[in-house]
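# Structure for this input, please:
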Amino acid sequence: MLKKVLILSASSGAGHMRAAQAVEKAFLELKAADDIRNIDILEYTNPLFHKLYSKAYIDVVNNTPEIFGWLYEHYDKPWKNEHRRLAFDKLNTRPFTKMLKEYQPDIAVCTHFLPAEIISWLKGKNRTDTRQAIVVTDFDLHAFWLCHYFEHYFVAIDETRAHLVALGIPSNKITVSGIPIDPVFSKPQDKKYLRKLYKLEEDIPTILVSAGGFGVGPVEKIIQSLLKMKNKAQIIVICGRNEELKNKVDQLVKKTSTGQTVRFQSVGYTDQMDAFMSVSDLILGKTGGLTTSEALAKGLAFIIVDPIPGQEQRNADHLLEEGVAIKCNNWPILAYKVDNLLNNSEKLIAMQNKARQLSRPQAAFKIVETLISVFYQGHLQNS
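Below is the predicted model:
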């Protein structure tokens, strides 16, 4: 058992936080540490940096996603730009450095690259001996995740492991764990009971539209397009913390006629995503690392629409390559694409089965068990 564990994330996108919570739950269920702290590193920065860092992601994704995509590609240059980035981050994370020195954890588990690179820099300067594990929360690897000083990497798939090895990371310091998701997603649910609970019809296809925890993406366009479907369907729209989006969805749904073949149900921020995925047959929308991993665990087929350039686009590529997704590139034919898939039950079932095969619902436990094993075997050595 470890004495002190520090789990670190950043509230720029909900996925990093959910991954941190999953790792924390695994530590607690396995009783693997005496003391566990799960911290948003942005709470240990100056207020302006905190506001800009967390708000910038949402604003850019909602308003100018093409700029986000350009930045993502521009800075995806392994082992370059790190000095400029670190110079900026070090100025704004001094409270975090102070907290790390006072707490002195046995190990820090980072589900975001910001704390990982700060700890790596401190280790390189011999200002901390804190061991750190880095948990990559997308299927692909961006250069921001690369650190010189660390003890272990956890990645989603074999391809990402191969990528790290090609960049010089020792293979014995990489574990293919999957992306950590809440343990609840590994537990079977009674679909019939849940559909009755949520006032859904038992024998009609159910589509989950997810805008992520912060409610980003073209949800209104998706609804307008799905109104043209010929198949009967019930559609659950998850709006996240975006109350403005939920109000718009509610107003849009009210305007639809009662004779429509599809009916909608809007949901704001919820901690019941496991239940909503359990009642669904397929998921449409965002391909963030956490949402994707959760949906795979529930055996959902994917319909990808307008992924955010950058990590979501790369996640989408992996789903398409593995045969668990189809993609719609043109809004006018979204209803056609969905109808076509629903009419091909053999293909839909094959995609759902493949999703289950690809899923790693026990990823959080794999991470904790690996850390305990490696820690006690004495293999955690500085790079």
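# now the strands: where do they sit in the chain?
For the chain, the strands defined by DSSP state E occupy 2-9, 33-40, 107-110, 131-135, 152-155, 174-176, 206-210, 233-238, 262-267, 282-285, 301-305, 325-328.
# can you redo these as JSON lines with mean pLDDT, mean neighbour count and distance to Ala166?
Using the backbone N, CA and C atoms, a C-beta is placed for each residue, glycine as well. Putting those into JSON lines (pLDDT from 0 to 100; neighbours: other CB atoms under 10 Å; distance: least, CB to CB, whole Å) gives the following:
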{"stretch": "strand 2-9", "mean pLDDT": "94", "mean neighbour count": "22", "distance to Ala166": "27"}
{"stretch": "strand 33-40", "mean pLDDT": "95", "mean neighbour count": "17", "distance to Ala166": "32"}
{"stretch": "strand 107-110", "mean pLDDT": "97", "mean neighbour count": "27", "distance to Ala166": "22"}
{"stretch": "strand 131-135", "mean pLDDT": "97", "mean neighbour count": "27", "distance to Ala166": "17"}
{"stretch": "strand 152-155", "mean pLDDT": "98", "mean neighbour count": "25", "distance to Ala166": "13"}
{"stretch": "strand 174-176", "mean pLDDT": "98", "mean neighbour count": "19", "distance to Ala166": "11"}
{"stretch": "strand 206-210", "mean pLDDT": "93", "mean neighbour count": "25", "distance to Ala166": "33"}
{"stretch": "strand 233-238", "mean pLDDT": "92", "mean neighbour count": "23", "distance to Ala166": "37"}
{"stretch": "strand 262-267", "mean pLDDT": "87", "mean neighbour count": "19", "distance to Ala166": "42"}
{"stretch": "strand 282-285", "mean pLDDT": "92", "mean neighbour count": "26", "distance to Ala166": "32"}
{"stretch": "strand 301-305", "mean pLDDT": "95", "mean neighbour count": "24", "distance to Ala166": "27"}
{"stretch": "strand 325-328", "mean pLDDT": "96", "mean neighbour count": "20", "distance to Ala166": "26"}
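# for those, which one sits closest to Asp250?
strand 262-267 (5.5 Å; CB to CB).
# How far away from the center of its chain is that closest one?
Computed by CA atoms, centre = their mean, to the nearest Å, the chain-centroid distance of strand 262-267 equals 24 Å.
# If I take that strand and strand 206-210, what angle do their directions form?
Calculated by axes from the mean of the first three to the mean of the last three CA atoms, to 10 degrees, strand 262-267 forms an angle of 40 degrees with strand 206-210.
# For strand 262-267, which strands pair with it and how are they oriented?
strand 233-238 (parallel) (DSSP bridges).
# could I have the strand it pairs with exported to CSV, CA atoms only?
Provided in CSV are the C-alpha atoms of strand 233-238 (Å, rounded to 0.1, in the frame of the first residue of the first chain):
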residue,chain,number,x,y,z
ALA,A,233,-36.3,6.7,-32.9
GLN,A,234,-36.0,8.2,-29.5
ILE,A,235,-33.1,10.6,-29.0
ILE,A,236,-31.5,11.6,-25.7
VAL,A,237,-29.6,14.8,-25.9
ILE,A,238,-26.9,15.3,-23.2
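# low-scoring stretches of the stretch 201-350 of the chain, by residue?
Confidence mapping of the stretch 201-350 of the chain against pLDDT under 70 gives the ranges 212-217, 255-259.
# how about the helices in it?
Applying DSSP state H, counting those that start in this stretch to the stretch 201-350 of the chain gives helices spanning 219-226, 243-255, 273-278, 289-297, 311-322, 334-343, 345-358.
# so how many other residues sit close to the residue nearest to Leu197 when sequence neighbours are not counted?
Nearest non-adjacent residue to Leu197, counting by CB to CB, 6 or more residues apart in numbering: Ala275, 8.0 Å away. A count of neighbours around Ala275, defined by other CB atoms under 10 Å, yields 17.
# quick one, what contacts Ala275?
The contact partners of Ala275, by CB atoms under 8 Å, 6 or more residues apart in numbering, come to 189, 194, 197-198.
# My understanding was that Leu28 contacts Ile36; is that so?
Yes - the pair Leu28 and Ile36 qualifies as a contact (CB atoms under 8 Å) at a distance of 6.8 Å.
# number of nearby residues for Cys147?
Using other CB under 10 Å, Cys147 has 22 neighbouring residues.
# And the closest residue to it other than its chain neighbours, how far from Ala10?
Residue nearest to Cys147 in three dimensions, not counting chain neighbours: Ser120, with 3.8 Å by CB to CB, 6+ apart. To Ala10, Ser120 is 15 Å away according to CB to CB, to the nearest Å.
# ok so, going back, list only those of the contacts of Ala275 flagged as buried.
Burial by neighbour count, 16 or more other CB atoms under 10 Å: within the contacts of Ala275 this picks out 194, 198.
# Among the contacts of Ala275, which are located in helices?
Mapping the contacts of Ala275 onto helices (DSSP state H) picks out 194, 197.
# what would the strands of the chain look like in CSV with distance to Pro183?
CSV is the format used below for the strands of the chain (distance: least, CB to CB, whole Å):
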stretch, distance to Pro183
strand 2-9, 15
strand 33-40, 15
strand 107-110, 16
strand 131-135, 15
strand 152-155, 16
strand 174-176, 18
strand 206-210, 20
strand 233-238, 20
strand 262-267, 22
strand 282-285, 20
strand 301-305, 23
strand 325-328, 25
